[in-house]
Every structure is written in C-alpha cells, then in structure tokens.
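Chemist: One predicted model, sequence on top.
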Amino acid sequence: MAGTDTVTRVLFEDFAPGAVRLFYALGYSAIAVFLYGAYAQLRKYRRGAPAGIALNLLPRFESMVAILLSHRMIKRRDRSAGEAHRLIFYGFVLLFLGTATITLDYDILGPLFGVHFWHGAFYLWFSLVLDVAGVMLAGGLLYMMYRRGWLKPPKLDYARPDRAPTDPDYDRSYYRREDWAFLWTLLIIALTGYVLEALRLVWLQSRADVWDTRWWSPVGAALAQALHSAGLSDAAAGLLRWDLWWFHGLLALLFIALIPSTKVKHIVTAMGSLMFRDPQAAQRLPRERADAPHPGVQYITDFNWKQLLSLDACTKCGRCHEACPARAVGAPLSPRDVILSLREFANRTLSSAQLPAQAELDVHGKAPGQVAMETLWSCRSCMACVEVCPVAIEHVPIIVQMRRKLVEEGAMDPQLRKTLQTIHKTGNSFGESRRKRAAWTRTLGFPVKDARKEPVDVLWFVGDYASFDPRNQKVTAGFANLLHDAGVDFGILHDGESNAGNDVRRVGEEGLYEVRAEGNINTLAAATFNSIVTTDPHPYNTIRNEYPDFGGSYQIEHYTTLLLKLMRQGCVSVSGKLNLRVTFHDPCHLGRFNKGYDAPREILKLLGCELIEMGRCRANSFCCGAGGGRIWIPDPVGAEKPAQNRIREADRIDGLQVFVVSCPKDLTMFEDALKTSGLEGKFVVRELIELVREA
Amino acid sequence: MKILVAVKQVAALDEDFEIRADGKDVEPEFLLRDLNEWDDFSLEEAVRIKEASAGTPVEVIVVSVAPEEADETLRKCLAKGADRAIRVWDDAIAGSDPIAIARVLAAVAQREAPQLLFAGAQSSDHAFAATGIATAALLDWPHAAVLTQLSFTPGASTARFRRELEGGLLHEMETDLPAVLTIQLGINTPRYASLRAIKQAAAKPIELLTLRDLSVPESAVGEAGSLSRVRRMYVPEKGRAQMIEGSVEEQAKRVIEIIRAAAGGAA
C-alpha cells in the first residue's frame, strides 16, 4: 500500500473556524442534555427500595456480555427478528466504536500528545469495516420496517386486554409513532452517511489519495460513481455536502441527546436489567424485607431499583404477551402491559425533583398506569413471560409482590380466601382432616413406612392433590406399588405432612407460606432419610428452590428422574411395547421452573410410545391454568380455559391416543378440560405413572 | 365510645372422633377449634363502625369466657381489627350453661360500659342462641336478635336495624342505647386475617380477668350456677340402608331373600 501512508479524511474540511465552534457547541449541548436525562433516570431508579442482591459486578458483567454478543435470548421464538436485531446491534456497535476512535484520535490523543493514528492502512481498513457495518445496520432496520409495516405480527399491535377502548390509557399509538421514529432516524443517519461519503468523493475527485482509495468505502464509492455518471460536478457535490453534513450531524446529536427519554435507552437499560437479573426469579420468590413498612408492593417506590430499571428495559417485543396463558384465553392480563403501565406510572411520578405525596404513588387501581386487581389475579405464575423475556424482566415476582398487598387487604376471590383459611386451619387445601392424609395407603397390600418413626432411604413428599383427590389417589397408589416392587426403601410423613406452600406463596399469602414451610421443615428435621422424591411438581419446586431460604436444604428429585433410573437399572421392568401415539404436556413447575424436560420423554421412549410433540412444548409449554393459586379461583363462566386451549392444541395431532401428564393438578385440569371441550372419547389423559404401570 | 363483642371459640368435629369417657362430650383431641362463624360477622360489623366513624373515636373490645386455648381465636380477632381482647376464666366457670356465661359477660359489660354489645345470633357447636339475649336480660338493656342490617353512627343515642321475619317480612327497628344486638350471618363480608396480621397480633396483650376481678361469686357460674345440665352426648344409631346392585332378576332375588330373612323362621 505504498503511497497511501498519509491518506485520511480531513475532519471539518473547508469549515470556517466559527462553523467548527458552532458544531462543538451543539455537540456539548447534546451531551449535556444526555447527561441530565441519564441523571434523571438514575434518580428515578434510586427512589426504589434496596434490592438486597449481591452485586458481584464482574461475573454479572461477563454473563451479560455473553448474552448480548450471542443474542441467544432475543433469537428465541422469533428468529428473523433476532437476526435482524443482531445486524442492527453489531452495525451500531461498530459505528459507535468507529466514531469513538475518531474522537480518540482527533479530540484526545492529537491535541494532548500530538499523536495521530487515524491514517494510512489503518484508516483504509477502518473505512471498509464501517461501510460494512452501515450495510448491516441499514439491512437490519429495513427488515424491522418490513416486519412492522407488512408482516404486522399481532404481538406488535399493542392491543391491551386489561383496558377498554374508552379508557384514557388504552391508546398506545404514541408507542407506535416512537417505534417508527426510532427506525427512521437510525436509517436516515446511516443512509445520509453513505451519501455524504459519496459526495465527498465526487467533491474531492481530483485528489488522487482520495479518489484512488475510494473502493475502501465500497458503498460510498458505488454511489459516487453513480452521481458522477449522472453528471454531478465536484463543486455542486461540495455544496450539497455542506448542507447534508449539518443535517446528518444534527440528527446524530439529537439521537444522542434523546437517548435517556426515548426507547433508545433500552441500549443501556437492557444491559443493566440483564446484568442484575435473578436466574431464579420465579422459582424462588423474594422474601418480605424485614424493615418493610407494609406487606408487598403498594407504592411504586416499594419496587426495588432493579425492578424499576427493568421496567425501562422493555422494548415491547411482545414475546411475553404471546406466551401468556391468561392473555391467550382473554383474561385481562398481558405481562407486557403490566410492565408498560408500571413504567408509565414510574415516569410520571418519579421523574421530577420532588416526590409527590404518597397517595399519588399507589400502583393499585384502575387509573392510568395503575394495575387492577383483576389483572393481578389473572396470573398463573407459570413463568412463561419471565422465561422468554430477552431483557430479563421478572414479571412474576412483580405480580406476586403486588398480590401480597391485595391479600393483606383481603381483596381476593371469596373462594380463594376460604381456601387460604382452610389451609391455615387444616394444613391442606381440601379441608380434610390431617388424619386422612395417608388414607390412600389403606388400599395397598403393604404398610408404608412412617419416616418420622423409622429411617428410610427415600422420603416421598406426596402433596395435597396426590393425597386427597380421589382420581389422583389411584396414581399415588400406583407409584407406591412401583417403588415397593422395585425394592426402594421409602416412607412418607403420614399426617405430619402439610401443604408445601408453593401455590400459597404464589398467591401472595407470604405469612401463611412461612408457617407451612417452617412446619414442613420442622417435620422433615425429625425424619431420617437420604433424599426426597415428589410426585407433584409444585412441592418439588418450593422444597427444592425456596425451603433453603428457610433453613431446609435437601437432595430432592421429581419422580420422573427416579423412575427413569429405576427403569434403566432394571428395578422397574417394562415390556417396551406400549405402541401408543402420545403427546407430553410439560408441567410448568417441572419443565420451565426446574428444566425437567428430558426424563419423562426418556421414560415414554422406554415404554415404546410414539411421542408427537405439541407446538408449544418444553420451555414454551402452555400452562394448564392451575398455577399461582388459580386452581382455587373459579374461571369466568363461558370463556375458554387455558386447559381447554391446550387440549384443543393436542387434538390437532393426528391419531393421538394419550395426552400424558406428570403432575396431579394437570391430571385434574386436563381430564376436566377434555370433557368440557367435547373431545371426550377422542383420546385420554393419563399420568405417566399409569402408563409405566400398564407397561 | 366502646363496642363490646362477645366471641366464642367453637369446636368442629375431626374425622373418626371419639366420645369422652363420661359420655358428655367429644374427646378434646378430636376437636378442631376456630372462631364461631356468627361472631366473625359481629366483629366485622363492629370494626366497620369503627373504620367509618368520622369524629368519635370507637374502641372495639372482644371478650371471651374461655380457658387459655381461646387466646388463638382472640388473636385472630385482634388481627381483624379489634383494639383490645379480654379473656375471663376461672376453673369454677367450667360446666357453665349459657345463662351462667351471660352473668360473666354482663359483669364485663358493666365494667367496660359499652354503647353496644354484639353477640353472634348463635354458636355453631352448641347452638343455644341464648347467651347474648340472656346478657341483655341480666343488664336490663334493650335487645334485639338476628340482625341482618345495622345503621349506627358513633355518638348517636339510638341505633336502627333490620331483622328478617318469617314469610319474607322485614322488621325495621330502632333502639335506645346501650343495647345488646345479636348478629345473623351475611350481615356483611368478614375480612381476611392474613397470617402476617395474625403474627403481629401475637404481640398484643390479652387481658386476663378472673371472677374476683369481676366480683362474680363462684356460685353464680359452673355447674353450681347452671340450671341446665348435659346428660349425655352420643351419635344416634344410623338407619340401615343398602344399595342392591345387579340385574333386575338379581335385584328381585335379593329383595325376596331380605323379606324372607326379616319374616324370620316363618318362611
């Protein structure tokens, strides 16, 4: 590359000193507006409660960067949008680094040390890389415009299930305008950059160092070639360049100044939200702060700073909206709209220098930005939203913390209130006597050990549904027989077991949860065992993930993994010739919550079943509708129930014989849904245990 | 002004219960205890009056004549909004009938001097429906039973209320105060006492009073002070019924067998 050592782009070429000063003045102003905006945002977040999390900045930063660079969260369930975003992201990052490089050379190293490096080969490669980056950026943006303008996925129409069209905050057209403004602004900045590049080439065509190296900026050069052949003179190009330079520069400065107050800020807030995310957000709900003035979240300032920050990270991508089972059946809840409402509320109340009176900070209700109790009670805490959110917004803890306040006020369905009282009084949700908890063992031909009285290898935590519900008792007895025949040394807690509290906690009755958890932990402390197995994924989740916070740490597994081990060891022998066409429903608390996707599928394979997956499976499994205490709240009459929606999905599988579940609540919900959907007789709902017994 | 709410910890039967050796009650270990449902409504009514009061401060006091195990129920009342709780007990009180309990309650009412004394229309376990009205008689206060609606403004000298009579009639009445009112289910919707509130109420004191504190002689309570006594408690023998399964022929055959057996040796 001889003779090109000095090649560079002269900044502000032919600018009068006044013009350069004007540009710098505007640049500093933009930065000042940006800084003030950033300060106001930080002040907003700092008005939240302490988050009580370990900062561990370095590992958090590393994992955030890994997610960012791989784009693995944003690609999920919308691959094209994810790839387009990746182009925009990498294009933007390269262009940003490019601009920063020029600033380093021109404004820092040059004036301070007289060092310049932005020339010669470095400059040429730099030009090439940035030209490619611009193509990536523009390409990504154009796809996003095509998506919004022509593909129009329903998740982007911002229709709110939690408001009526007549409500003052129903209208979301502001967001749509902002989305388009964002795309157009970035695209115009990128395209005018190319045009500027081309105009400069035409303008300076007589300079060999410029013209001969033009193909290092291929897009600009091609454009210059076209303009040149169209007859654009160098002088005219110079004039045009002057006007366009200012347009491009001012638009870029405006973009920077508006970062903190527009959706552009997701660049920063999404990184913050990802960095401070809780990998166990929904699996292990937060305890009440000891110094909390009232239970749960009543005021916007009861959210912690991390939650307030994550509200601002939402890009309205609609993945949670699409995944939510409540939204899918027309309940007045969209996780996205809860987040957006709270964000609008926080922006309105926490953005000025003075905090308004406390009464104005109440987030419960039906006024703009507030969240209605009907919305909060619609949540099944199935974790579909948390799991899919590309920017680590943790909707479920937000909703449960708000419910804690409703529970304290008694603002809940009368049947739920009654169930909570029953659980308090009797230790189970069926209102049965403690003495009857182990009544199902009477049908067995052998006694089941009491782990409180004699040591056992495996302690089986049976759970309410499996103990008391007559249909589930048959499955429970089946599992006992399997364990017995396999020679497993197992026992139960008999009348010492009580409701594990998983759903009580997700309802928001934290005090009752503590009583139940502590009670079970004390009972478990008096028993001798090596590990715990559960047939119910709900107790499995809370014992595994939440009891440790209350001093109970155990080795625990769901029955599917234990059964698989026993089958592989030959302790449970099956013919392997079931020859059934089946589908498998992942229970939320086994699948999404605890990643137990594979063991049930392996078992089905060993049984010789042909497994046909439903469209929504594994991490995207569709909740049966029973979670979060909804099994104790009547569903609206006439409306479709999530379980019916799911059964209809299964019905689309040709020749389906068995809908397999591995959760007692699922068995209840889906057998009911099969009947009420009028599909009875087409296929049956079975517990995996029943199929193993059959084989 | 004060509202005194008489509450009772009632017992419900657990699965497979057994009768006490003396045959007069159920073995205590088979009883599940809770606040009497009617009292839940009368407490709620009192707390609502307190919360709605504009100027006059209202104090809601719950009182129970019961041994220590009733403290749990009183704490629940405190969690639901009662300001104070009083428990009266003395070993001599054991075995009291409703009238004897009313003597103790009347003494508490004289000591506290409330404007209103609420009691549940009845208790769910013994269902005498007598305690409240007997207390009114002992105090010589006006009284009304089975209220389904009440309007009262703290500071006023009268209260208005409605009662449901047989045949779909409503009775609207007004009474001078102080008065004893017994409350029917459904007059309101009792609130939920969260476990957090119940735990917080555990820190509040429960006043303990004895017969001596109330100047009630031992002879006025217990079996000595009661004119009625329990003779025995028992489960009546169940009538025998049996479903006859099978085809019509089989069913007919079985019926004939039963008739023959019942006719005895005659056949």
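Modeler: Noted; the coordinates are in hand. Numbering: from 1, shown residues only, chains lettered A, B, ... in the order given.

Chemist: Dihedrals phi and psi, the residue of the stretch 101-250 of chain B found nearest chain A?
Modeler: For the stretch 101-250 of chain B, the residue closest to chain A is residue B:195, as judged by Cβ to the nearest Cβ, at 2.8 Å. No exception for glycine: its C-beta is placed from N, CA and C like everyone else's. Main-chain dihedrals, residue B:195, degrees, to the nearest 10: phi -60, psi -30.

Chemist: State the pLDDT value of it.
Modeler: Residue B:195 is assigned 93 on the pLDDT scale.

Chemist: residues touching the nearest residue in space to it that is not next to it in sequence, list them.
Modeler: Among residues not flanking residue B:195 along the chain, residue A:511 sits closest, at 2.8 Å (Cβ to Cβ, 6 or more residues apart in numbering or on different chains). Going by Cβ atoms under 8 Å, 6 or more residues apart in numbering or on different chains, residue A:511 touches A:295, B:194, B:195, B:196, B:197, B:198, B:199.

Chemist: again, only using 6 Å
Modeler: Residues near residue A:511 by Cβ atoms under 6 Å, 6 or more residues apart in numbering or on different chains: B:194, B:195, B:196.

Chemist: Out of the residues you listed, the closest to residue A:41 would be?
Modeler: Lowest distance from residue A:41 to these (Cβ to Cβ) belongs to residue B:196, with 33.8 Å.

Chemist: Which strands and helices lie in contact with the one helix or strand the closest one maps to?
Modeler: Element membership for residue B:196, per DSSP states H and E: helix B:195-201. In terms of contacts (3 or more Cβ pairs under 6 Å, 6 or more residues apart in numbering or on different chains; DSSP states H and E), helix B:195-201 is packed against helix A:510-525, helix B:71-79.

Chemist: ok, back up a step: what separates the residue nearest to residue B:195 from residue A:296, distance-wise?
Modeler: Separation of residue A:511 from residue A:296 (Cβ to Cβ, to the nearest Å): 11 Å.

Chemist: Helices along the stretch 551-695 of chain A, start to end?
Modeler: Secondary structure of the stretch 551-695 of chain A by DSSP state H, counting those that start in this stretch: the helices cover A:559-569, A:598-606, A:642-651, A:664-676, A:688-694.

Chemist: Repeat that for the stretch 151-267 of chain B.
Modeler: According to DSSP H, counting those that start in this stretch, the stretch 151-267 of chain B carries its helices in the segments B:195-201, B:211-214, B:248-263.

Chemist: Mean neighbour count and distance to residue B:99 for those helices - can I get that in a markdown table?
Modeler: Shown next, in a markdown table, are those (neighbours: other Cβ atoms under 10 Å in any protein chain shown; distance: least, Cβ to Cβ, whole Å):
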| stretch | mean neighbour count | distance to residue B:99 |
| --- | --- | --- |
| helix B:195-201 | 19 | 31 |
| helix B:211-214 | 16 | 16 |
| helix B:248-263 | 11 | 48 |
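
Chemist: Redo these as CSV? Include distance to residue A:689.
Modeler: Shown next, in CSV, are the helices of the stretch 151-267 of chain B (distance: least, Cβ to Cβ, whole Å):
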stretch, distance to residue A:689
helix B:195-201, 34
helix B:211-214, 61
helix B:248-263, 36
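
Chemist: Around chain A, pick out the residues from the stretch 51-200 of chain B.
Modeler: B:191, B:192, B:194, B:195, B:196 (Cβ under 6 Å from any Cβ of the partner chain).

Chemist: do that again at 10 Å, thanks
Modeler: Within the stretch 51-200 of chain B, the positions adjacent to chain A are B:76, B:80, B:189-200 by Cβ under 10 Å from any Cβ of the partner chain.

Chemist: What residues does residue B:42 make contact with?
Modeler: B:3, B:5-7, B:36, B:62, B:116-121, B:132, B:147, B:150, B:181-184, B:187-188, B:190 (Cβ atoms under 10 Å, 6 or more residues apart in numbering or on different chains).
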